[in-house]
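Novice: fold the following.
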Amino acid sequence: MTITRDKPWLFRTYAGHSTASESNKLFRTNLSKGQTGLSVAFDLPTQTGYDSDHVLARGEVGKVGVPISHLGDMRTLFEAIPLAQMNTSMTINATAAWLLALYVAAAEEQGAPRASLSGTTQNDIIKEYLSRGTYVFPPGPSLRLIGDTIAFSTRELPKWNPVNVCSYHLQEAGATPVQELSYALATAIAVLDGVRASGAVAQKDFPEVFGRISFFVNAGIRFITELCKMRAFTELWDEIGRERYGIAEEKHLRFRYGVQVNSLGLTEQQPENNVTRILLEMLAVVLSKNARARAVQLPAWNEALGLPRPWDQQWSLRMQQIVAYETDLLDYGDIFDGSTEITRKVEALKEEARAELAHVLAMGGGASEAVIAYMKQRLVESNTARINAIETGETRIVGVNIFTTSETSPLSAGADAIMTVRDDVEYEQIERLKAWRAARGGKAAAAALAELSRAAREGRNIMEPSIACARAGVTTGEWGGALRAVFGEYRAPTGVALAMRAEGGEGLAGLRARVKRLSERMGETPRLIVGKPGLDGHSNGAEQIAVRAADTGLEVIYEGIRMTPEQLVKTVQERDAHILGLSILSGSHVPLIREVIQRLRAAGLGHVPVVAGGIIPEGDVNVLKQLGVAALYTPKDFDMNRIMGDLIGLIEKKADEKAA
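Specialist: All right, here's what the predicted structure looks like:
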């Protein structure tokens, strides 16, 4: 008997850092090791439409991805990589139209026809409002830009997925499987309804639009539930296509998704355990043939510690290759068809997801500001419940709240256990950017920007004007600035209720009593500012600190993401804050915290304690303490009440010093 094996999924690693040149070397190395597609990580200034020399970019350049400021950077990023033959995924949202324009321009310089280009732009702005924070424009203009990329791709890039609805970050923000299903499908419906209503795509081409919508999902450790979630996704998507949009062809109805498994569950404690977690989570999205991922990228085992090294990424790539090539997984049909237990769970997920989706649509759909606020609040609540379950031991995590006795891991020992971005990367990138501006034709760039602005104001598709801007040497910040001037900027709701709840969990009573005594002694309620300096939009930790602090009775001021050090110090001064907490997960903690502390001292506020949290490598802990940080917290610090006790203790100490 001859067995015909299925083709394996695309093997990817999420990569990009420091500079376009360094990232290009990493891409080519990974491809030589058997990786079959690219997944590009961009730095935060690129994701939010700023040049590397903008004030908000300070400390962020090259940290969480590669800086792409203009066509020259994009050209360098893909040097010696034939784009006509490559499948490239770009994790880019608010500036997706611009990065796609740069990619098209770079490919055409290589001689690659537009029709040959295959890949994906994530281009899911709604989840940015809810979880990741790299939004720029309000919902209406953002959906219009997404529609422009869809119309352009339908016409010019037939192999391209212009939208990759991303439920991955919803789960990272605390979403339950039902929320992940319903909110992702609500996002897809908002995009499709917008395209259909705009008339930008002919009715005969709409099935092709539906068929090019792809998804990017998360797979957690409860891998039976996650497997059932993926089967539910495929069946619900088929249902929506047939019933809401009248799609009939099977090829258009196929639920096409890529996956990165759960980074939220990676632990700083006993990090070698993460290898097992990653492998189990991958099985959830490859075991069921009828719901198998089209592309998989796995995090590295040490991402809770810092930036992975190439060797760490290789380990994750080899996991995929062993499952695909050494096992018999691809020899068989779907091994779960006919399972009553799997069917029961899938049907239960579908029923709950349909109900939540119907509720969201009845409120006005995923793109309305009211629904965005509702979904954000629900995610914050779910994440609060998740953290409470870990604290109480209801959710057991090996090495974290059970079986915590451990040998020292040789894998994570030594100064080179993670990769660090050189301190001079930002300076060098800014110097290259200045040279680019000086060398380009200034008049051509200005004319291209003027045409882009006209197209935006007049409601014309901005893709061809954006490609013209790319060729004329326009920079990312200039493109972003032109569209900000037309569309304005947006601040998404935080979803955080900053008031003490009537009920109190275990351990809160003692904390509340301490805050009450402290308030009586001070003659006012102690005030905590929770701040996120820089461009890091991962606000889950900051939100949970704010919620728990409010539960203790502290007065909490949390104004959301993307604050400059100057703005934070001004808030400390105006609100007469007693303590400042900073949350930074982008690796820019040292320069940003240094600037905050320097500004506090210059303003005569050096007495205000500063605490910080984030993914902070051990080598940076002493640096931050020497700068004057009073306390530091990393992913291993899951006991929120202990953290609250520390914060209250710092305020008590300052009150004692003032009274002495």
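Novice: pLDDT (mean, whole number) over stretch 615-631?
Specialist: Taken as a whole, stretch 615-631 has a mean pLDDT of 91.
Novice: list the buried residues of it.
Specialist: For stretch 615-631, the neighbour count (16 or more other Cβ atoms under 10 Å) marks 615-617, 620, 624, 628-631 as buried. From N, CA and C alone the C-beta is placed, and that goes for glycine too.
Novice: same check on stretch 554-570?
Specialist: Those would be 554-558, 560-565, 568-569, for stretch 554-570 by 16+ other Cβ under 10 Å.
Novice: just the CA atoms of that stretch, as PDB, please.
Specialist: Provided in PDB are the C-alpha atoms of stretch 554-570 (Å, rounded to 0.1, in the frame of the first residue of the first chain):
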ATOM      1  CA  LEU A 554      -5.100  53.200  46.600                       C
ATOM      2  CA  GLU A 555      -6.100  56.100  44.300                       C
ATOM      3  CA  VAL A 556      -4.800  54.900  40.900                       C
ATOM      4  CA  ILE A 557      -4.000  57.100  37.900                       C
ATOM      5  CA  TYR A 558      -3.600  55.100  34.700                       C
ATOM      6  CA  GLU A 559      -3.900  57.000  31.400                       C
ATOM      7  CA  GLY A 560      -3.000  54.100  29.000                       C
ATOM      8  CA  ILE A 561      -0.100  53.500  26.700                       C
ATOM      9  CA  ARG A 562       2.400  55.600  24.800                       C
ATOM     10  CA  MET A 563       3.400  58.300  27.300                       C
ATOM     11  CA  THR A 564       6.700  60.200  27.000                       C
ATOM     12  CA  PRO A 565       8.900  60.500  30.200                       C
ATOM     13  CA  GLU A 566       8.100  64.200  30.100                       C
ATOM     14  CA  GLN A 567       4.300  63.600  30.200                       C
ATOM     15  CA  LEU A 568       4.700  61.100  33.100                       C
ATOM     16  CA  VAL A 569       6.700  63.400  35.200                       C
ATOM     17  CA  LYS A 570       4.200  66.200  34.600                       C
END
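Novice: ok, back up a step: nearest to residue 538 among the buried residues of stretch 554-570?
Specialist: Proximity of the buried residues of stretch 554-570 to residue 538 (Cβ to Cβ) peaks at residue 561, which lies at 8.5 Å.
Novice: gap between that closest one and residue 366?
Specialist: For residue 561, the distance to residue 366 equals 20 Å [Cβ to Cβ, to the nearest Å].
Novice: likewise residue 488?
Specialist: Per Cβ to Cβ, residue 488 is found 20 Å from residue 366.
Novice: and if you look at residue 22?
Specialist: Going from residue 22 to residue 366 by Cβ to Cβ gives 37 Å.
Novice: of these two, which one has the most company?
Specialist: Just comparing residue 22 and residue 366: by other Cβ atoms under 10 Å the higher neighbour count belongs to residue 366, 29 against 18.
Novice: what is the burial count for the residue nearest to residue 87 when sequence neighbours are not counted?
Specialist: In space, and not counting its chain neighbours, residue 87 is closest to residue 37: 4.2 Å by Cβ to Cβ, 6 or more residues apart in numbering. When neighbours are counted by other Cβ under 10 Å, residue 37 registers 23.
Novice: now residue 37. Its backbone dihedrals?
Specialist: Dihedral pair for residue 37: phi -150, psi 160, per degrees, to the nearest 10.
Novice: contact partners for it?
Specialist: By Cβ atoms under 8 Å, 6 or more residues apart in numbering, the residues touching residue 37 are 10-12, 86-89, 119, 295.
Novice: looking at these, which are in helices?
Specialist: The helices, defined by DSSP state H, take in nothing from the contacts of residue 37.
Novice: any chance of TSV for these, columns distance to residue 97, pLDDT and neighbour count?
Specialist: Output for the contacts of residue 37, formatted as TSV (distance: Cβ to Cβ, whole Å; pLDDT from 0 to 100; neighbours: other Cβ atoms under 10 Å):
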residue	distance to residue 97	pLDDT	neighbour count
10	24	90	19
11	28	91	23
12	23	89	26
86	20	96	19
87	20	96	20
88	16	96	22
89	16	95	23
119	15	96	21
295	22	91	21
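Novice: closest to residue 596 among the residues you listed?
Specialist: Minimum separation from residue 596 among the contacts of residue 37 (Cβ to Cβ) is found for residue 89, which lies at 35.1 Å.
Novice: please name the residues that touch that closest one.
Specialist: By Cβ under 8 Å, 6+ apart, the neighbours of residue 89 are 12, 37-40, 119-120, 122, 164, 258, 295.
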